[in-house]
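*Asks:* Could you work out the structure for the sequence below:
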Amino acid sequence: MNINKMNENKSPHLPVRQKWLDQHIEEAILPELQIIDPHHHLWDAGFGRYYVEELLKDIKSSGHNVESTVYIMSSSNTKIYAKDGLEEFRSLSEIKFATDEAKRADLIPHNHVKVNASIVGSVDLTFGKKLEPVLEKAIDISEGRLKGIRMLLASHQDPRINSGAVRSDLGLMLHPNFIDGAKCIQNSNLSLDFWIYHTQLNELEQIAKALPDLTIILNHVGGPIHLGEYEGKQALTHREWRLAMMRLSRIPNINVKLGGLGMAVNGAKFHEKNIPPNSTQLSDIWKPWIYETLDMFGFDRCMFESNFPVDKGSCSYGVLWNAFKILAKNMSKDEKNKLFKQNASRIYKIK
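*Replies:* Predicted coordinates for the structure are as follows:
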């Protein structure tokens, strides 16, 4: 797989401006509600450090009852991949990093958050059946924490459309070895996360149908694009996105993460304002995408996510979870529990 690196010293995400964020602080809504954050990153990527300490500071200051988290691989951590050895094994150094961060978090005095309780690492599925020993070693390295895999797939022919530190090739899901690689994931009792744009959802449909027993998690409400050729054309984005998502919703092994809407590629413009958004403003803007996704996929196949620190360029951790709680205000207790904890616990095997 050809991965084209961007400028390593310039953030590929909206810049985090702590002083800007500090202009608006909220008390947590429903502070006792149990939360598993099923999507965050950790890195020291040249444009800002976000390790266990920074994550725990965000969680503690938010006032929300986050019990566990799920580490998700990121394009920014491709720089810590091994430089030698068999290519299919090189990405395992990130899984080792995530495991070490989990163990460090467990040793922090008075910390009750199980950071990286589950880990979603990365392998290149185009290696196909060669991944069998790779995944066996990955599970061993993670000391049992590895519960899923995510490969860098988000790609578009328009160079203005990007969301990460590297660019992936187009059409990787159509690679002749991809299905065999995904079968290895399934046989290893792991799930498969997909961060792709709405223009790639048709490719995911074919994979999900071919592997009905594979647990698939679609990230960031299916990646509705609002940059490049889709800039200022929300109706076009919505029409294409909804049609593809409706087709995916009929495939029972696909689950969806509700979040990632603080990214520019997904339409965020909060960073253009003098003051950061409050939770009501966030919920109003995010409501159509989240409610439509819930309407299509149902409460048993969706979960809220923070996507931190990526979404931190748009809002604080506390305000983000308050926005989700506002969106869930009229939901039943059972529905809230599914979206904030139970589905993530089941899918990522967090006890």
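*Asks:* just for the stretch 1-150 of the chain, where's the confidence low?
*Replies:* 1-9 (pLDDT under 70).
*Asks:* Looking at the protein, which helix is longest?
*Replies:* Counting by DSSP state H, the longest helix found in the chain is helix 279-297.
*Asks:* going on from that helix, what's the next piece of helix or strand?
*Replies:* The helix or strand immediately downstream of helix 279-297 is strand 302-304, counting by DSSP states H and E.
*Asks:* Show me what that next one is in contact with.
*Replies:* 35-36, 38, 255-259, 293-294, 321, 324, 338-340, 343-344, 347 (C-beta atoms under 8 Å, 6 or more residues apart in numbering). The way it works is simple: take the backbone N, C-alpha and C, and place the C-beta from them, glycine included.
*Asks:* still on that earlier bit, which residues touch the longest helix of the chain?
*Replies:* So helix 279-297 is in contact with 26, 29, 221-222, 224, 238, 242, 245-246, 249, 254-256, 258, 261, 267, 270, 302, 315, 319-320, 322-327, going by C-beta under 8 Å, 6+ apart.
*Asks:* can you pull the contacts of the residue positioned nearest the centre of the chain?
*Replies:* Nearest to the geometric centre of the chain sits residue 39, at 4.5 Å (C-alpha atoms, centre = their mean). Shown in contact with residue 39 (C-beta under 8 Å, 6+ apart): 70, 72, 219, 257, 259, 260, 305, 306, 307.
*Asks:* Where do the strands of the stretch 1-150 of the chain begin and end?
*Replies:* Under the criterion DSSP state E, counting those that start in this stretch, the stretch 1-150 of the chain contains strands at 4-5, 34-40, 43-44, 49-50, 65-72, 114-121, 146-150.
*Asks:* and the fourth one, which strands flank it?
*Replies:* According to DSSP bridges, the neighbouring strands of strand 49-50, each with its direction, are strand 43-44 (antiparallel).
*Asks:* What of the fifth one?
*Replies:* If you go by DSSP bridges, strand 65-72 pairs up with strand 34-40 (parallel), strand 114-121 (parallel).
*Asks:* Can you tell me what sits against that strand?
*Replies:* So strand 65-72 is contacted by 31-42, 55, 59, 98, 101-102, 112-120, 147, 150, 193, 219, 341, 344-345, 348, 350 (C-beta under 8 Å, 6+ apart).
*Asks:* Could you give me the buried positions within it?
*Replies:* 65, 66, 67, 68, 69, 70, 71, 72 (16 or more other C-beta atoms under 10 Å).
*Asks:* again, but for the second one
*Replies:* For strand 34-40, a neighbour-count test (16+ other C-beta under 10 Å) marks 34, 35, 36, 37, 38, 39, 40 as buried.
*Asks:* Export these as TSV, with columns for distance to residue 107.
*Replies:* Putting the buried residues of strand 34-40 into TSV (distance: C-beta to C-beta, whole Å) gives the following:
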residue	distance to residue 107
34	23
35	23
36	21
37	20
38	23
39	24
40	19
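*Asks:* any idea which of the residues you listed is closest to residue 159?
*Replies:* For those, the residue nearest residue 159 by C-beta to C-beta is residue 39; the value is 26.2 Å.
*Asks:* from memory residue 193 sits against residue 148, does it?
*Replies:* Yes: in this structure, residue 193 is within contact of residue 148 by C-beta atoms under 8 Å, at 5.6 Å.
*Asks:* Show me where this protein has its helices.
*Replies:* 18-21, 52-62, 92-107, 131-141, 178-187, 201-210, 234-249, 279-297, 317-327, 333-337, 343-347.
*Asks:* okay, the ones you listed, which one's buried deepest?
*Replies:* helix 317-327 (a mean of 24; mean count of other C-beta atoms under 10 Å).
*Asks:* Mind listing residues that contact it?
*Replies:* 24-26, 28-30, 33, 35, 58-59, 61-64, 258-259, 262, 276-280, 282-283, 286-287, 290-291, 304, 306, 308, 311, 315, 339-340.
*Asks:* residues near residue 253, how many?
*Replies:* By the criterion of other C-beta atoms under 10 Å, residue 253 has 17 neighbours.
*Asks:* how far away is it from residue 209?
*Replies:* Plainly put, residue 253 is 9 Å away from residue 209 if you go by C-beta to C-beta, to the nearest Å.
*Asks:* if we look at stretch 239-256, which residues are touching it?
*Replies:* By C-beta under 8 Å, 6+ apart, stretch 239-256 touches 198-199, 201-202, 204-205, 208-209, 211-218, 221-222, 224, 292-293, 296-297, 301-303, 343, 347.
*Asks:* got the CA coordinates for it in PDB?
*Replies:* Written as PDB, here are the backbone C-alpha positions of stretch 239-256 (Å, rounded to 0.1, in the frame of the first residue of the first chain):
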ATOM      1  CA  ARG A 239     -28.500  13.000  -0.700                       C
ATOM      2  CA  GLU A 240     -25.500  10.900  -1.600                       C
ATOM      3  CA  TRP A 241     -24.700  10.000   2.000                       C
ATOM      4  CA  ARG A 242     -28.300   9.100   2.900                       C
ATOM      5  CA  LEU A 243     -28.800   6.800  -0.100                       C
ATOM      6  CA  ALA A 244     -25.600   4.900   0.700                       C
ATOM      7  CA  MET A 245     -26.300   4.800   4.400                       C
ATOM      8  CA  MET A 246     -29.800   3.400   3.900                       C
ATOM      9  CA  ARG A 247     -28.300   0.600   1.800                       C
ATOM     10  CA  LEU A 248     -25.700  -0.100   4.600                       C
ATOM     11  CA  SER A 249     -28.300  -0.100   7.300                       C
ATOM     12  CA  ARG A 250     -29.900  -3.200   5.800                       C
ATOM     13  CA  ILE A 251     -26.700  -5.100   6.500                       C
ATOM     14  CA  PRO A 252     -26.900  -6.300  10.100                       C
ATOM     15  CA  ASN A 253     -23.200  -6.700  10.900                       C
ATOM     16  CA  ILE A 254     -22.500  -2.900  10.400                       C
ATOM     17  CA  ASN A 255     -22.500  -0.600  13.400                       C
ATOM     18  CA  VAL A 256     -21.900   3.100  13.400                       C
END
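*Asks:* Sounds good, over and out.
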